[in-house]
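1. Compute the structure for the input listed below.
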Amino acid sequence: MTQPTSDPATLRRVVGASIIGTTIEWYDFFLYGTAAALVFNKLFFPAEDPLVGTMLAFATYALGFVARPLGGVVFGHFGDRIGRKRLLMLSLVMMGAATVLIGCLPTYGQVGLLAPGLLILLRLVQGFAVGGEWGGAVLIVAEHGDAARRGFWASWPQAGVALGSLMASGVLALMSGLQSEADFLAWGWRVPFLISAVLIGVGWWIRTTVEESPAFKAVAQEQAAIEKAPALEAIRRRPKELLIGAGLKFAENISYYVVTVFSITYVTTKLGLPRATALNAILVASAIHCVLIPSFGALSDWIGRRPVYAFGAFGMMLWAFAFFRLLDTADPAMIALACVGALFFHGAMYGPQAAFLAEMFPTRIRYSGASLSYQVTSIFAGSLAPLIAAALLAAYGSGTPIAIYVAGAALLTGTAALAARETRGKSFEEIDAEA
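-> Coordinates of the predicted model:
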C-alpha cells in the first residue's frame, strides 16, 4: 500500500497550523501550572504554611495529568478510526473552554470549598483535552512529511509546547510586573486565562485549512485496515514499544516540570527572591528551548534518534545537580543559566521524541500507540514531579534530594533510549509492512 507524502507548500501549511494550534493548547495547560505556583495556593488553597498551600495547588495540577491518558485513549481510538483532523479541532475547543472558565472562577474566600472543587473539575477537562492533542498534532505533521526529514518536521509541534510555556510564563510575568501584589491576586491573574478565548478562535480558523494526513487516508481506503479497538491492539501487538516509549517519556516529563514549574516555588519560597526572577529565567530558557527542539529533531535525522535521545537523558542526569547548585547562588544570571542548561538537555530528548514514538507503531494504531506511550507516563512523571519535589524540599530543606530524584529518572530514560530500535529513515509504508 503506497502512502504518498504532501507537496512542500502543503507540508509547510500543515506544520504552521499544527505549531500554532499546539502552542495555544499548551499555553492553556501550562498557564495552570505557573498559576498554581504563584496564585492558586493563595486564592484556592489558603493555609498557614505557604509550602502546604503550594503542595495542595500542585496536587490539583497533577490531576490534569491523570486525565491525560484517558484523553489519549479516547482521542486515539477515534483518531485511528475517523482521522486526525476532526479530533484536533475538538481538543482545541475543549481546552479553550476549560481555560476561560478557570479565569471566571470565584475564589475560596468567596464561595468556600466550591471554588477548589470547580477548579479541579476544569483541570480534569484540560488534561483530557491535551491528552488527545499531542498525538494528533505530531502525527498529522509526521504523516504529511517524508521519512528523511521526519525528525525535523515532527519536532515543530513539539516546539509549540515550548512556545506555549513561553507564552504562559510571559503573560503572567507581564501582568505580575505591571501590577501590585494585591491587584495581581485580585484580578490580574485572570487576564491570561480569559485571553485564551481569542487564541482558540485563531487556532480554530487556522486548523480548518489543514488536510487529513495522506497516511491515514491511504489506510482508510481499505476498510479492513481500520481497527475496531486500536488501543487494545496497540497493547496486544506492541507491548515492548509501549514500555520503551513510556521509558523515553519518563525523565523528559519529570525534568521539564521540575524546571518550569517547581523552580518557581523553589526560587520564591526557599530563596525568598521575587517571582519575576524565576519567571524571567524560565522565559529566557524557554525562548532558547524553542530553537533547540527542531535543531535536535534535525540532528536525529542525521545521526539517529537513539544517540540524540540518550545524550539528552544522560546529560540531564548530571545537570540535575548543577541545576540546584546554580539556583542556590540566588544570582538571577546563574538561575537563568540553570534553566537554560536543563532545557538544553531536555530539548535533546524532546526534539526527536515525536518521530521516535510515531515510528514505533503502524498507521492503523499509531494515534493510540503513540498517545498511550506519551500520556500514561504522565501520571507517574510530570503530574507528581512538582508535588514530589515540594515534599522533598519540605522534608530535607535542600535541592540535593530533588536532584537525585531527577537523575534517577534520567538514568531510566537513557537506558530506554539505548534499548529502543533505531527507526531513522524508515517510511511509514515500511513500518506498516513490518507490522
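2. hang on, isn't Lys324 packed against Pro401?
-> Actually, residue 324 is Phe. It isn't Lys. No - if you go by C-beta atoms under 8 Å, Phe324 and Pro401 don't touch, sitting 9.6 Å apart. Just so you know, the C-beta spots here come from the backbone N, C-alpha and C atoms, and that holds for glycine as well.
3. list residues touching both of these two?
-> Here Phe324 and Pro401 share no contacting residue, scored by C-beta atoms under 8 Å, 6 or more residues apart in numbering.
4. and Leu101, what pLDDT?
-> Model confidence at Leu101, given as pLDDT, is 93.
5. got it, and the one 3 residues further on?
-> As summarised for this prediction, Cys104 has a pLDDT of 93.
6. residues in contact with it?
-> Cys104 touches Arg190, Leu194, counting by C-beta under 8 Å, 6+ apart.
7. Tell me the spacing between it and Trp187.
-> 11 Å (C-beta to C-beta, to the nearest Å).
8. which stretch of helix or strand covers the closest residue to Trp26 other than its chain neighbours?
-> In space, Trp26 comes closest to Gly164 once its chain neighbours are excluded; the distance is 3.0 Å by C-beta to C-beta, 6 or more residues apart in numbering. Element membership for Gly164, per DSSP states H and E: helix 150-178.
9. Next SSE downstream of that helix?
-> helix 181-183.
10. How far does that next one sit from its chain's centre?
-> Chain-centre distance of helix 181-183: 30 Å, with C-alpha atoms, centre = their mean, to the nearest Å.
11. Show residues contacting the next helix or strand after that helix.
-> Using DSSP H and E, the helix or strand that follows helix 181-183 in sequence is helix 190-207. For helix 190-207, the surrounding residues in contact (C-beta under 8 Å, 6+ apart) are 16-17, 20-21, 24-25, 27-28, 31, 35, 85, 88-89, 92-93, 95-97, 99-100, 102-104, 168, 171-172, 175.
12. count of neighbours near Pro106?
-> Look at Pro106: counted by other C-beta atoms under 10 Å, it has 13 neighbours.
13. thought it was touching Leu114?
-> Yes - if you go by C-beta under 8 Å, Pro106 and Leu114 touch, sitting 7.5 Å apart.
14. Return the members of the contacts of helix 190-207 classed as buried.
-> With burial judged by 16 or more other C-beta atoms under 10 Å, the buried subset of these is 17, 20-21, 24-25, 27-28, 31, 35, 85, 88-89, 92, 95-97, 99-100, 102-103, 168, 171-172, 175.
15. one step back: I'd say the residue nearest to Trp26 and Gly21 touch.
-> No - with contact defined as C-beta under 8 Å, Gly164 does not reach Gly21; the gap is 10.3 Å.
16. Verify the contact between Thr415 and Gly247 for me.
-> Yes - Thr415 sits in contact with Gly247 when judged by C-beta under 8 Å, with a separation of 7.1 Å.
17. higher neighbour count, these two?
-> More crowded of Thr415 and Gly247, by other C-beta under 10 Å: Gly247, with 21 against 15.
18. Leaving out sequence neighbours, find the closest residue to Leu63.
-> Here the residue nearest Leu63, using C-beta to C-beta, 6+ apart, is Arg123, at 5.3 Å.
19. Report the contact partners of the one you found.
-> With the criterion set at C-beta under 8 Å, 6+ apart, Arg123 makes contact with Tyr32, Thr60, Tyr61, Leu63, Gly64, Ala67, Ala98, Ile102.
20. cool, Ala57 as well?
-> Ala36, Ala37, Phe40, Asn41, Phe44, Phe45.
21. From those residues, which shows the smallest pLDDT?
-> Ranked by pLDDT, those bottom out at Ala37 (66).
22. Just the pLDDT at the residue nearest to Trp26, thanks.
-> Value for Gly164, per-residue pLDDT: 84.
23. Distance of it relative to Asn280?
-> Gly164 is 18 Å from Asn280, by C-beta to C-beta.
24. So which of those two has more stuff around it?
-> Gly164 (24 against 19).
25. ok, the spatially closest residue to Phe314 that is not a sequence neighbour - contacts?
-> For Phe314, ignoring the flanking residues on the chain, the nearest one in space by C-beta to C-beta, 6+ apart is Gly414 at 4.6 Å. By C-beta under 8 Å, 6+ apart, Gly414 lies in contact with Ala251, Ala310, Ala313, Phe314, Met317.
26. I'd assumed Leu418 was in contact with the third one.
-> By that I understand Ala313. No - applying C-beta under 8 Å, one finds Ala313 not in contact with Leu418, separated by 9.1 Å.
27. Comparing the two, which shows the higher neighbour count?
-> Ala313 (29 against 13).
28. dump the residue contacts of the more buried one.
-> Ala251, Glu252, Phe345, Met349, Ala410, Leu411, Thr413, Gly414, Ala417.
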